[in-house]
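Peer 1: Below are the sequence and a predicted model for it; my questions follow.
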Amino acid sequence: MQIGSIVRSVHIAVPQGARAIVMRILGDMAMVAWYADEPGTSELLNTEPFFLEDLIDTGKLVRPANALMH
């Protein structure tokens, strides 16, 4: 999992079908932006921290608009 990974979760706080983009990773937590369905095609629900163990990587990757290029 890396910044820009699209993730899902079965955590009780996440609506079924929601997907998120990992915006930042710090230790064992990630700041994620949750969307009602696929990011970019559905409404932004909220942005909040989640433990990495509660996130399931979908294998898809996007580059967030505010990501730094190296």
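Peer 2: Yes, it's here.
Peer 1: Residue 53 should be in a helix, yeah?
Peer 2: Yes - counting by DSSP: H, G, I helix; E, B strand; the rest coil, residue 53 is part of a helix.
Peer 1: Quick one: residues contacting residue 32.
Peer 2: By CB atoms under 8 Å, 6 or more residues apart in numbering, the residues touching residue 32 are 7, 20, 21, 22, 23, 47, 48, 49, 50, 55. The way it works is simple: take the backbone N, C-alpha and C, and place the C-beta from them, glycine included.
Peer 1: helix, strand or coil for residue 33?
Peer 2: Here residue 33 is recorded as strand under three-state DSSP.
Peer 1: Burial check on the residue lying closest to it once chain neighbours are set aside, number of neighbours?
Peer 2: Distances taken as CB to CB, 6 or more residues apart in numbering put residue 47 closest to residue 33, at 4.6 Å, once the chain neighbours are dropped. Burial of residue 47 is recorded as 13 neighbouring residues (other CB atoms under 10 Å).
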